[in-house]
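A.B. asks: coords please:
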Amino acid sequence: MRVKTLGNKTLKLIQGNIALVDAEAIVNAANKSLILGGGVAGAIRSFGGPSIQEECNSIGPIEVGEAVITGAGKLKATYVIHAAGPVYGEGQESDKLKRATSNSLELAEKKKIKTIAFPAISTGIFRFPIKRCSEIMIKTCLEFLGSHSYPKEIILCLYGEKAFSVFEKTLENMEQPSG
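C.D. replies: Got it, this is the predicted structure:
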């Protein structure tokens, strides 16, 4: 685990399965159809039960970069925020990933959610490069924490040692004084 503190708020990097994280909201790395298939969405579906997909069916589809909120079924979380991430190669992927992250955080702020956990959005079957994802998501999360009241804690839950190491290195590099 790695923690960065900004006043009374924190950004935390952990390794694990996001469906099992104890947070008020977890983020699903969604497709624009909001169909809970494999990867992060599959884990959320498996651990959370069918009610999450049923809610998604009544909402979707959404545009890439958008985020919507549902209940969390049987998960520890109260909410699932479904952020539609970009497929690598579709164009403007970095901007779309930044929007998916910030739109998720804005939903958390509106609901006054204290703790939100994100996966590395779009780095699975959507093939977004993990290093670039880490740079965009960490920068977006730190900027949001610095300028908004909620959430109080953002957890970046990375699946596997490689993803965790990349995010950890990115955070360390951001903490180095430039010059």
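
A.B. asks: that's a strand at residue 117, yeah?
C.D. replies: Yes - using DSSP: H, G, I helix; E, B strand; the rest coil, the assignment for residue 117 is a strand.

A.B. asks: got any ranges where this structure has weak pLDDT?
C.D. replies: Counting by pLDDT under 70, the chain shows low-confidence ranges at 176-179.

A.B. asks: Strands of that one, start to end?
C.D. replies: Under the criterion DSSP state E, the chain contains strands at 2-6, 9-15, 25-30, 67-71, 79-84, 115-118, 153-158.

A.B. asks: The fifth one: how far from the chain's middle?
C.D. replies: It stands for strand 79-84. Chain-centre distance of strand 79-84: 8 Å, with C-alpha atoms, centre = their mean, to the nearest Å.

A.B. asks: Identify whichever of the strands of the chain lies nearest to residue 106.
C.D. replies: The closest of the strands of the chain to residue 106 is strand 67-71. By C-beta to C-beta, the value is 7.8 Å. To be clear about C-beta, it is placed using only N, CA and C from the backbone, and glycine gets the same treatment.

A.B. asks: Identify the residues contacting the residue nearest the centre of the chain.
C.D. replies: Geometric centre of the chain, nearest residue: residue 118, 2.6 Å, by C-alpha atoms, centre = their mean. Contact analysis of residue 118 by C-beta atoms under 8 Å, 6 or more residues apart in numbering lists 18, 26-27, 83, 101, 104, 137, 141, 154-157.

A.B. asks: which one of the residues you listed is nearest residue 74?
C.D. replies: When those are compared against residue 74 (criterion: C-beta to C-beta), the nearest one is residue 26, at 12.6 Å.
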